[in-house]
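Novice: A predicted structure for the sequence below; I have some questions about it.
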Amino acid sequence: MLSQTQVDLIRNSAERLADANVAATNAFYANLFKVAPGIRNLFSEDMFEQSEKLWNTIVKVVESASNLTEIEAELKALGARHVKYGAEPAHYIVVTDVLIQTISTLMNKEWTDETRVAWKTALEAVCATMLEGAAQHAT
């Protein structure tokens, strides 16, 4: 699915994100709620735990970037849980776009078109798997 070059780009950019762990997730949620304010009501007021969950998922995706099927069952379960939270398929596109934008802003001049494509490819695969889990849960 991802080329070794794309895996390397994701892992290298993730190292940069790790330096900004809490700032990265806080920036993501601030951006998400600005772009899609209607999504805010799907989350609790205290975003600390949610930020940790997001960060842990990002770490798993990065660690499994060379073979995302390693976390397929976990991603499907995550998608099923998101149905319970009120997440809709359209939210996945918004979340992907905002996450990529947030990462690109944090990386600043280190961000390249190739890095964007690598992250987009990985996140689209993650979303597709989560949506499979969501669909299975809905039936």
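Specialist: That came through, no problem. On a predicted model such as this, the values are computed, not experimentally measured, just so you know.
Novice: which elements pack onto whichever helix in the chain runs longest?
Specialist: The residue-count maximum for a helix in the chain (DSSP state H) belongs to helix 113-138. Helix 113-138 sits against helix 4-19, helix 48-63, helix 72-85, helix 89-107, with contacts defined as 3 or more CB pairs under 8 Å, 6 or more residues apart in numbering; DSSP states H and E. From N, CA and C alone the C-beta is placed, and that goes for glycine too.
Novice: okay if I get these as CSV plus distance to Thr129?
Specialist: Listed next are these as CSV, based on distance: least, CB to CB, whole Å:
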stretch, distance to Thr129
helix 4-19, 16
helix 48-63, 10
helix 72-85, 4
helix 89-107, 11
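Novice: closest one to Ala36 among the ones you listed?
Specialist: Evaluated with CB to CB, the helices and strands packed on helix 113-138 place helix 89-107 nearest to Ala36, the distance being 5.0 Å.
Novice: in the longest helix of the chain, what counts as buried?
Specialist: 115-116, 118-119, 121-123, 125-127, 129-131, 133-134 (16 or more other CB atoms under 10 Å).
Novice: quick one: which of those is nearest Gln6?
Specialist: Ala118 (3.7 Å).
Novice: give me every residue that touches that closest one.
Specialist: By CB atoms under 8 Å, 6 or more residues apart in numbering, the residues touching Ala118 are 2, 5-7, 9-10.
Novice: doesn't Ala128 make contact with Met1?
Specialist: No: using CB atoms under 8 Å, Met1 is not in contact with Ala128; the gap is 10.5 Å.
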